[in-house]
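In: Make a model of this:
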Amino acid sequence: MGHLAADGPFENGHIVGQIDSLQLDEASGLAASRRHPGYLYSHNDHGGKNRLFMINAQTARVEAILTIKNANNHDWEDIAVGPCNGGSCIFIGDIGEGSRHSANTIYRVLEPDNVTDTALDVNGTYRFSWEEKDSETLMVDVTGNMFIVSKVIHGAGKLARLPSSGWDQPNPVIITPLFNLHIRTSHHDPMAGDISPDGTEILIKAKNHVFYWSAPDRDVEKALRNSGGTEVAYHREVLGESVAFSADGGGYYTLGEGQQEPLYFYKKK
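Out: Residues are numbered from 1 along each chain as shown. Next up is the predicted model:
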């Protein structure tokens, strides 16, 4: 079943391939590697192990599994790649509701040196507290600022920016929401989001829709505050909780939950 927005800035998607690893069966986040262009990171959500999967973006094959040491997967719901400490880091959002509550924790790890099975040390831990119960959207901009969006009925979740000073603090940072998104859906949304590698574009994914914003001045808050975005092409998945720009910004990928799910790519026109 497809939901297409062919008049938008992206072409209708095509299937790159099907995930070949049965271990990645509840994909709940997606992000493009900067150190290894052509690879994507993904993970399972609550109940999954503390590991990431490196996916070949040309074939959808899982080519490496990364174990994150000293990290718990209470309910990993989104992932992003962005700058940190002069390098490139993977940001893992343990921000979902899980069985009863959210861990409200973000783990940061340096991207691996090679595409091979390995264990990675946590480079930073960020704990926060806010009024919202559930979030599935984590985004990181070109300067390393982190944004989360709460998951609510009808999709108009609250956006919050996490101060960079909160890393490795003994107590959770209290977060104040900035505003509600200007989108409306028929489900609990949104489920994922991403900021383009150059910082000028934003995608936020709902269950059955993907919305797009232009941010030419790289001001994420301004772009999301001022409009509801443009709906872009999306092939509906059984439960799609992942969206990610490609490393060159030339399109975006989506991946649904389930075994051997197809990886879709939507090329920029």
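
In: need the helices for the stretch 1-150 of the chain, in chain order.
Out: Remark: no helices are assigned in the stretch 1-150 of the chain by DSSP state H, counting those that start in this stretch.

In: Ignore what I typed, I meant the stretch 151-269 of the chain.
Out: Going by DSSP H, counting those that start in this stretch, the stretch 151-269 of the chain shows helices at 220-226.

In: how about the strands of it, start to end?
Out: 152-153, 158-162, 173-174, 179-180, 188-189, 192-195, 201-205, 210-214, 230-232, 234-235, 240-245, 251-256, 262-267 (DSSP state E, counting those that start in this stretch).

In: And those strands: which comes nearest residue 31?
Out: With C-beta to C-beta as the measure, strand 240-245 is the member of the strands of the stretch 151-269 of the chain nearest residue 31 (5.1 Å). Yep, even glycine has a C-beta here, placed from its N, CA and C like the rest.

In: now for the closest one, which elements pack on it?
Out: Other helices and strands packing on strand 240-245, by 3 or more C-beta pairs under 8 Å, 6 or more residues apart in numbering; DSSP states H and E, are strand 27-32, strand 192-195, strand 201-205, strand 251-256.

In: Export those strands to TSV and append columns for mean pLDDT and distance to residue 150.
Out: Shown next, in TSV, are the helices and strands packed on strand 240-245 (pLDDT from 0 to 100; distance: least, C-beta to C-beta, whole Å):
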stretch	mean pLDDT	distance to residue 150
strand 27-32	97	16
strand 192-195	98	12
strand 201-205	98	12
strand 251-256	98	21
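
In: what about the stretch 51-200 of the chain, any weak spots by pLDDT?
Out: 99 (pLDDT under 70).

In: still on that earlier bit, nearest to residue 97 among the strands of the stretch 151-269 of the chain would be which one?
Out: Taking the strands of the stretch 151-269 of the chain one by one with C-beta to C-beta, strand 188-189 is closest: 9.9 Å.

In: For that closest one, name the packing helices and strands.
Out: Packed next to strand 188-189, using 3+ C-beta pairs under 8 Å, 6+ apart, are strand 152-153.

In: Check which strands are paired with the strand it packs on and give the direction for each one.
Out: Paired neighbours of strand 152-153 in the sheet (DSSP bridges): strand 188-189 (antiparallel).

In: Other residues contacting the partner strand?
Out: For strand 188-189, the external contacting residues (C-beta atoms under 8 Å, 6 or more residues apart in numbering) are 134, 151-155, 157, 183, 206-207.

In: How far away from the center of its chain is stretch 75-91?
Out: The chain centre lies 10 Å from the centre of stretch 75-91; the measure is C-alpha atoms, centre = their mean, to the nearest Å.

In: May I see the buried residues of that stretch?
Out: 75-82, 84, 89-91 (16 or more other C-beta atoms under 10 Å).

In: and the closest residue to residue 254 other than its chain neighbours, bridged to which residues?
Out: Excluding the flanking residues, the one nearest residue 254 by C-beta to C-beta, 6 or more residues apart in numbering is residue 264, at 4.8 Å. In this entry, residue 264 is beta-bridged to residue 15, residue 254, by DSSP bridges.

In: ok, of the contacts of strand 188-189, which come out buried?
Out: 134, 151-152, 155, 157, 183, 206-207.

In: hang on, isn't residue 64 packed against residue 119?
Out: No - counting by C-beta atoms under 8 Å, residue 64 does not reach residue 119; the two are 11.5 Å apart.
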